[in-house]
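Engineer: Would you be able to build a 3D model of this:
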Amino acid sequence: MANAQPASEKKAQVIKYSSLVVLVIQNCSLVLFMKFALAGDRPKFLKTISVFWGEVFKFTASICLVCLEMRSLPKGLNEIWLEFTVKWRDFLKVLVPACVYTIQNFLLYVAVENLPAATYMVTYQLKILTTAIFTVLVLKRKLSWAQWAALLALFAGIAVVQYDQKMSEDAEKAARKALQSLNETLPAVNPTLAEVPQNLQEAVSGRLELLSTTMGPLARLKRQAATPSPAPRGGSEQNSLIGFAAVLVACVLSGFAGIYFEKILKGSQVSIWIRNIQLAFPSIFFAMLFAAVKDRGVVFADGFAPSDIASRAMYGFDWAVWVTVGISAFGGLVVAVVIKFADNILKAFATSFAIVLNCVLAYWLFNFHPTFLFLLGATMVIAAVFVYSLFPFKASHQPVPTTEEKAEELRDVKAQK
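Structural biologist: Predicted structure coming up:
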């Protein structure tokens, strides 16, 4: 028994730090692959269909995991059947968060499409604030003063990041317009350049080079033109207001769904894989309905023949889209297990490290150049995540028992005697 304790502690440490790696990879890779799939000159795919396939993957993987947990295919399928038929009331309760998560997953695609990956990662931490608000209002829990201060700093940091994004977006639009105007005047100038002496041409070129490198937005556009990085799909520009609105609604839905689970399904003994099946099964139909309503003009453009519908729905699904769908589906299942072994400090560190890693990778992959305001806002958000996780509310004193509670306790003592 002397060696059993150290061995169990060592195993716990391995699981704990493995969870850190998994959380960071999940938080970072999903955003980067999602951004990559939505960028570039590849054909534009339907986000609603990608959400649908994500739920199909999750449903299939959860069934396999239930059978592995039961160590028998018939026993696993029988357990799933009992949870859906005998305990059907629990299944009906899951319909609400299933619908909410379907809409949320679609909104995350919209947000990533309209925001830089690093900006999205920082802004999506707003879900901490929405979850805290639902916790106080619905579950009647208390937050410490440090947590309230952290939430205020979180909101301020996200506001700074969004302000910086909006200013950068406006500056780039103005720079594009100026560059377009400059390009329109060049054809009239180019024919006369041949008559200009060589030394004067070099002097003019040097002046233009100096001007372009000193003007921030124009310099950024020049770097983007020189660097082979993915351009917006179909020539569409990002809209930071749409991206922020999508993140905000997704965070509200995330906070609501999380508190709904804790409030309605508290005390349930259903395994996590069964719960994922109960969530994914109706989500498949919600995603199909969502696609049929939102993208009906695309899906049913060639008629209602199954082959035509499938062809239109699957248009643009290349390897990057399938990798994104796989990370979204299977990554969520892995994190659902690993997160049980991670404490609040580990979760905060994983979130913060994922933000930093995302910024670094976005710099190399998407030509992202953080400004001082972005770094300031991101630092405020990271600090807020740590403070909120490290300083939870603790009651300073135990509640004084009432007269009825004292009498009941006395009766229990007498009964034991």
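Engineer: residue ranges for the helices of the stretch 151-300 of the chain, please.
Structural biologist: 198-214, 216-226, 240-264, 272-294, 296-299 (DSSP state H, counting those that start in this stretch).
Engineer: among these, which gets the worst mean confidence?
Structural biologist: The weakest mean pLDDT among these belongs to helix 216-226, with a mean of 46.
Engineer: any idea how far G54 is from A250?
Structural biologist: Distance, A250 to G54, by CB to CB, to the nearest Å: 15 Å. The way it works is simple: take the backbone N, C-alpha and C, and place the C-beta from them, glycine included.
Engineer: for I327, that is, sorry about that
Structural biologist: Where G54 is concerned, I327 sits at a distance of 9 Å (CB to CB).
Engineer: the more surrounded of these two?
Structural biologist: Between I327 and G54, counting by other CB atoms under 10 Å, G54 is the more crowded of the two (24 against 20).
Engineer: secondary structure class for that one?
Structural biologist: helix (DSSP: H, G, I helix; E, B strand; the rest coil).
Engineer: Please apply the same query to A301.
Structural biologist: coil.
Engineer: ok, the nearest residue to it once chain neighbours are set aside - how many residues close by?
Structural biologist: Distances taken as CB to CB, 6 or more residues apart in numbering put R312 closest to A301, at 5.9 Å, once the chain neighbours are dropped. A count of neighbours around R312, defined by other CB under 10 Å, yields 18.
Engineer: so R312 touches R296, yeah?
Structural biologist: No - using CB atoms under 8 Å, R312 makes no contact with R296, being 10.5 Å away.
Engineer: and stretch 364-379, which residues are buried?
Structural biologist: 365-368, 370, 373-374, 376-379 (16 or more other CB atoms under 10 Å).
Engineer: got the residue ranges for the helices in the stretch 1-150 of the chain?
Structural biologist: Counting by DSSP H, counting those that start in this stretch, the helices of the stretch 1-150 of the chain are 4-38, 47-70, 73-85, 88-114, 117-123, 126-138, 145-193.
Engineer: export the ones you listed to a markdown table and tack on mean pLDDT and distance to S254?
Structural biologist: Converted to a markdown table, the helices of the stretch 1-150 of the chain look like this (pLDDT from 0 to 100; distance: least, CB to CB, whole Å):
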| stretch | mean pLDDT | distance to S254 |
| --- | --- | --- |
| helix 4-38 | 77 | 14 |
| helix 47-70 | 91 | 15 |
| helix 73-85 | 87 | 25 |
| helix 88-114 | 89 | 6 |
| helix 117-123 | 89 | 13 |
| helix 126-138 | 89 | 5 |
| helix 145-193 | 78 | 15 |
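Engineer: Can you add distance to I242 and give the ones you listed back as TSV?
Structural biologist: Below are the helices of the stretch 1-150 of the chain laid out as TSV (distance: least, CB to CB, whole Å):
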stretch	distance to I242
helix 4-38	13
helix 47-70	13
helix 73-85	38
helix 88-114	5
helix 117-123	12
helix 126-138	16
helix 145-193	11
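Engineer: Please identify the most buried of those helices.
Structural biologist: Ranked by mean neighbour count, these are led by helix 117-123 with a mean of 27 (mean count of other CB atoms under 10 Å).
Engineer: ok now that one, how far from the chain's centre?
Structural biologist: 9 Å (CA atoms, centre = their mean, to the nearest Å).
Engineer: Give me the phi and psi angles of P43.
Structural biologist: Per-residue torsions, P43: phi -60, psi 140 (degrees, to the nearest 10).
Engineer: thought it was touching Y315?
Structural biologist: Yes - taking contacts as CB under 8 Å, P43 lies within contact range of Y315: 6.2 Å.
Engineer: what's near enough to touch the residue lying closest to Y260 once chain neighbours are set aside?
Structural biologist: Here the nearest residue to Y260 in space, its sequence neighbours aside, is P97; by CB to CB, 6+ apart that works out to 5.5 Å. When contacts are counted by CB atoms under 8 Å, 6 or more residues apart in numbering, P97 touches 257, 260-261, 279.
Engineer: Try it again at 10 Å.
Structural biologist: 104, 253, 256-261, 264-265, 278-279, 282-283 (CB atoms under 10 Å, 6 or more residues apart in numbering).
Engineer: Can you tell me which of those residues are buried?
Structural biologist: Buried, going by 16+ other CB under 10 Å: 104, 253, 256-261, 278-279, 282-283, out of the contacts of P97.
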